[in-house]
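In: Next come a sequence and a model predicted from it.
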Amino acid sequence: MTTKALIIEDDPLIAEDVGDILTSLGHTYDYADCLETARARLAAERYAYYLVDLEIPVRTGRGLPRIQNGENLLEEIAQRFAGRKPPVIVITAHGRDGPDLAVEVMKKGALDFITKPFPTTGNTLDKKITEVLARSRPPSPLRQSAPEHVGEPTPFLGGDLVFFAERVELCGIKVCGGPRNGQIRKVLDILRQKNASGKYPAYSGTELADEIGAHGGQNGIAGCIRNFRTNVTRVLREEASMLCGPHDVIQSGGAGYRLAEWITVRNGEPGSAGSSPAGQTPGNVHDARTDNGDLGHDLDHEQDHDLDHAAPGERRRAWIIARLRAGQQLRVPAIARGLKCSAATAKRELEVLKSQGRIEFVGSARTGFYRLKA
């Protein structure tokens, strides 16, 4: 798989030169010209290495570029690597920064340092990149599995989060149990559901607490997520020799808690270590269609299809499908009343069902209703 880097440089001409060097190495890259864009890139994707100009502005075309902005970003990148130095090469202007700066950025986590303009012989940027990749030893595949032989730890670059009835595995390593073993499984069952845009939605601590009926409210949610992050970091390091940062699986800040984009959710087959295609429900919750296209279960048939372990969202969607199959014409207020949830939650479940092609809205916005899709 092609090695991909993130270039953080506010001078477009220098960024173009760096891009040409990376292309000559057979690498691909993304580009950010300010702190704000760099953070957005970091939140959306993992990279094999990073080229960071320290003197960057906070926003494109706004404010003076500051070395402190780049140093702050360097610390944020370093936090993602759980105490291990990230594959970062710091870029700074030739003749403007003394040796003290080089020492400082190395303390903050950078693996190497190069001045501008880049040397054309000796310690070239090409050589620096090759050395940094060799020292950091990033795995070649973006989606990792537990290595057969555990050696020097490698950075976690994303992977499959597989849901079984009684456990959840990340890269083949168990990271939590079933719904009856604690709040975090219920939280993961909510966070795993993508919205109509194919993105993992974000939830506040209060919303998650309301969704799962958590004791302790948002503080209880914060505590269980903190414990989960600690556990994931530990077990991946001990059992898979992977360095996973505390925010590499569940992210937070801004809109709220959400799964990282580099996490792929899959559903484990009952009684096996394999996984089924994404979009089906885990364990013994049968969310498949019958031959005629109708949903193969509803809440009125729990004796045939046990929903005891289903996530709250799955139960709500099953309730909606059951009523639509019975011929009811549903609108958001009636669904919210029937489910005893907020209108926002009802709309979210309807969006999931629409994205799965199960239901449709017919009629005008004022008088229309939801029905099963033919």
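Out: Structure's in. What do you need? Numbering: from 1, shown residues only.
In: Give me the below-cutoff pLDDT ranges for the stretch 151-300 of the chain.
Out: 151-155, 179-181, 269-300 (pLDDT under 70).
In: can you pull out the helices in it?
Out: 183-191, 205-212, 217-240 (DSSP state H, counting those that start in this stretch).
In: Ok, the stretch 1-150 of the chain next?
Out: 12-24, 35-44, 67-79, 99-107, 125-136.
In: The nearest residue to I67 once chain neighbours are set aside and T115, how far apart?
Out: Among residues not flanking I67 along the chain, L54 sits closest, at 4.7 Å (C-beta to C-beta, 6 or more residues apart in numbering). (Each C-beta comes from the backbone N, C-alpha and C, glycine too.) With distances taken as C-beta to C-beta, to the nearest Å, L54 is found 11 Å from T115.
In: the more surrounded of these two?
Out: Higher neighbour count among L54 and T115: L54, with 26 against 16, using other C-beta atoms under 10 Å.
In: Quick check: that one touching V88?
Out: No. With contact defined as C-beta atoms under 8 Å, L54 does not reach V88; the gap is 10.8 Å.
In: what residues are shared contacts of the two?
Out: The overlap between the contact sets of L54 and V88 (C-beta atoms under 8 Å, 6 or more residues apart in numbering) consists of L74.
In: which of the helices of the stretch 151-300 of the chain sits most buried?
Out: Across the helices of the stretch 151-300 of the chain, the average number of neighbours (mean count of other C-beta atoms under 10 Å) peaks for helix 183-191, which reaches a mean of 23.
In: Could you name the helices and strands sitting against that one?
Out: strand 159-163, strand 173-177, helix 205-212, helix 217-240, helix 312-325 (3 or more C-beta pairs under 8 Å, 6 or more residues apart in numbering; DSSP states H and E).
In: and the first one, what does it pack onto?
Out: Spelled out, it's strand 159-163. If you count contacts as 3+ C-beta pairs under 8 Å, 6+ apart, strand 159-163 packs onto strand 167-170, helix 183-191, strand 263-268.
In: got the angle between that strand and helix 183-191?
Out: Computed by axes from the mean of the first three to the mean of the last three C-alpha atoms, to 10 degrees, the angle separating strand 159-163 from helix 183-191 equals 110 degrees.
In: Find out how far strand 159-163 is from the centre of the chain, if you would.
Out: Computed by C-alpha atoms, centre = their mean, to the nearest Å, the chain-centroid distance of strand 159-163 equals 11 Å.
In: export that strand as CSV, just CAs?
Out: Provided in CSV are the C-alpha atoms of strand 159-163 (Å, rounded to 0.1, in the frame of the first residue of the first chain):
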residue,chain,number,x,y,z
GLY,A,159,-8.5,-1.4,12.2
ASP,A,160,-11.6,-3.5,12.4
LEU,A,161,-13.8,-3.2,15.5
VAL,A,162,-15.8,-6.5,15.4
PHE,A,163,-18.9,-6.9,17.5
